[in-house]
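> what would the 3D arrangement of this be:
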Amino acid sequence: MIKEIMLGASRGDDVYEEDESVKSLEHHVATLAGHEAGLFCASGTMTNQLAFKASLLTPPASILCDRRSHVYRYEAGGLASHSQTTVYPVQAITNHGHHITVQDLEREFVIDDGDVHMAPTRLISLENTLDGTVMPLKEVQAIRQFAKANKVLLHLDGARIWNAAVAAGCDLKDYTQEFDSVSLCVSKGIGAPIGSVLVGNKSLIKKARHFRKMFGGGWRQAGGLAAAAHWCIDNVWPTMKETHALAKYLAEGIEREGKGASIYTPVESNMVFLDLAGSGILLRDLSRSLKEKGIRIGNEDAAEAQTQVRLVLHWQISQQAVDEFIGVVRDLATTTSFSEGRARQHDHSSKKQQSVYGRR
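Model (predicted):
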């Protein structure tokens, strides 16, 4: 279906804003998110970095974000390189590490009091979901008020905001209209081949479009990609609730059958964070056994000490695949328990033999 949609898309030049499929997607996402305009780009990293660059035109400036966030840890130092900004990573302490709060932000906030030694906080960046967990709308609204009172901008890395809205049972716009800029990825949970849309006011998007060209991100015949993303938003997004339920089913099955395997982060959307340490199962053995059944989780060559893995479910994962995954965990746990029992029995016999020899 997606291939047919792509073949029927327009073939205009998006650098000159001549592609109707791209413009349709940008308008569609901006409307869903409650913003004036949108800009279709190749990746979420690009839309995040464009938002920061277009928002922070002159240093000195600093950004506050969760220390686990993608913009801080996994975007190749883009904030420092592109926007010449300092980042103050914030640790989520107040709410037991689930998400950052106003109280957490206050500890790191740099006021603009004229101190030439400091880079004042100009923007706060949030991520939702983060490690599969959902930041409550009430907390987002509280941070919005804090940002507004302190005259700083608020950005959302919404690579998985589609999941957050579904999990929270609210409209996407309820979350996204609280922010000055939002990056919405369409190639993760939404399932499109590629892309991300930055939304904000018309002035921001105009600046971001200029910087996109500077970054080498202007693309010509992007209509097919935009059309695929548009179709996925309309057809895949409505199935996301079932994917979340399947993730919880997988987590429960692993804990039930894994004999010591544990889920170390709450399963609130489509991610399951698995720790095999208590089960005796080696991650590489699990990965190789799953691969034989056509299920890929990577880590086939994981070191013996590596026990943790992130499992991400999407709309094309079936109930059958999840049941097969749980079955593999059960089989490996049973084999591991049997092997450990034989090893303990052998060790006990050796000790008895040594004691007999000792008496001689």
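> just give me the longest strand of the protein.
strand 121-127 (DSSP state E).
> now do it: distance to the chain's middle.
17 Å (Cα atoms, centre = their mean, to the nearest Å).
> got a list of contacts for it?
If you take Cβ atoms under 8 Å, 6 or more residues apart in numbering as the criterion, strand 121-127 is touched by 48, 52, 55-56, 61-66, 68-71, 85, 88, 100, 105, 108-112, 135, 140, 143, 146-147, 150, 152-159, 179. (Each C-beta comes from the backbone N, C-alpha and C, glycine too.)
> in PyMOL, select just the buried ones from these.
Of these, the buried ones can be selected in PyMOL as follows, counting by 16 or more other Cβ atoms under 10 Å:
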select buried, resi 48+52+55+56+61+62+63+64+65+66+68+69+70+71+85+88+100+105+108+109+110+135+140+143+146+147+150+152+153+154+155+156+157+158+159+179
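> among the contacts of strand 121-127, which are located in helices?
48, 52, 55, 70-71, 105, 108, 140, 143, 146-147 (DSSP state H).
> ok, back up a step: given the longest strand of the chain, what are its sheet partners and their directions?
strand 62-66 (parallel), strand 153-157 (parallel) (DSSP bridges).
> can I get these in JSON lines including distance to residue 189 and mean pLDDT?
Formatted as JSON lines, the strands paired with strand 121-127 follow (distance: least, Cβ to Cβ, whole Å; pLDDT from 0 to 100):
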{"stretch": "strand 62-66", "distance to residue 189": "20", "mean pLDDT": "98"}
{"stretch": "strand 153-157", "distance to residue 189": "14", "mean pLDDT": "99"}
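> now render the ones you listed as a markdown table, adding distance to residue 305.
Converted to a markdown table, the strands paired with strand 121-127 look like this (distance: least, Cβ to Cβ, whole Å):
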| stretch | distance to residue 305 |
| --- | --- |
| strand 62-66 | 27 |
| strand 153-157 | 31 |
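> between these, which one is nearest to residue 3?
Residue 3 sits nearest to strand 153-157 of all these, at 29.8 Å, using Cβ to Cβ.
> relative orientation of the helix or strand following the closest one and strand 121-127 in degrees?
Downstream of strand 153-157, the next assigned helix or strand under DSSP states H and E is helix 161-168. Computed by axes from the mean of the first three to the mean of the last three Cα atoms, to 10 degrees, the angle separating helix 161-168 from strand 121-127 equals 70 degrees.
> can you list contacts of the helix or strand following helix 161-168?
Using DSSP H and E, the next helix or strand after helix 161-168 towards the C-terminus is helix 172-176. Contacts with helix 172-176, where a contact means Cβ under 8 Å, 6+ apart, come from 32-35, 128, 137, 140, 156, 158, 161-162, 164-165, 168, 182, 184, 199.
> report the secondary structure state of residue 209.
At residue 209 the chain is in helix, as set by DSSP: H, G, I helix; E, B strand; the rest coil.
> give me the nearest residue to it, chain neighbours excluded.
residue 39 (5.7 Å; Cβ to Cβ, 6 or more residues apart in numbering).
> one more: residue 32?
The nearest residue in space to residue 32 (Cβ to Cβ, 6+ apart) is residue 172, at 5.4 Å.
> again, but for residue 35
residue 199 (4.0 Å).
> what's the neighbour count on the one you found?
Neighbour count of residue 199, defined by other Cβ atoms under 10 Å: 30.
> and residue 183, that's in a strand?
Yes: per three-state DSSP, residue 183 lies within a strand segment.
> hang on, it packs against residue 49?
No: Residue 183 lies out of contact with residue 49 (Cβ atoms under 8 Å); the separation is 9.1 Å.
> the two: which is more packed in?
residue 183 (32 against 27).
> pretty sure residue 44 sits against residue 161.
No: using Cβ under 8 Å as the test, residue 44 is too far from residue 161 to be in contact (10.7 Å).
> next, the residue nearest to residue 35: secondary structure please.
strand.
> now it, which residues is it bridged with?
Assigned bridge partners for residue 199, using DSSP bridges, are residue 38, residue 182.
> got the contact list for it?
Counting by Cβ under 8 Å, 6+ apart, residue 199 has contacts 29-30, 33, 35-39, 176, 181-182, 184, 205.
> now do the same for it: its pLDDT.
Looking at residue 199, its pLDDT stands at 99.
> please report the distance of it from residue 156.
In this structure, residue 199 and residue 156 are 10 Å apart, going by Cβ to Cβ, to the nearest Å.
> OK, contacts around residue 279?
Residue 279 touches 258-261, 332-333, 336, counting by Cβ under 8 Å, 6+ apart.
> identify the farthest-apart pair in those residues.
Using Cβ to Cβ, the two most remote members of these are 260 and 332, lying 11.5 Å apart.
> of the two, which one has the most company?
Just comparing residue 260 and residue 332: by other Cβ under 10 Å the higher neighbour count belongs to residue 332, 23 against 15.
> and the more buried one, how far from residue 279?
Residue 332 is 8 Å from residue 279, by Cβ to Cβ.
> which residues are common contacts for these two?
Between them, residue 332 and residue 279 share no contacting residue, judged by Cβ under 8 Å, 6+ apart.
> run the angle between the helix or strand containing residue 31 and strand 153-157 for me.
Element membership of residue 31, judged by DSSP H and E, is helix 20-33. Relative orientation of helix 20-33 versus strand 153-157 (the same axes, to 10 degrees): 120 degrees.
> what angle do helix 20-33 and strand 181-185 make?
Using the same axes, to 10 degrees: helix 20-33 against strand 181-185 is 120 degrees.
> and helix 20-33, which residues are buried?
Neighbour count says helix 20-33 has 21-26, 28-30, 32-33 buried, by 16+ other Cβ under 10 Å.
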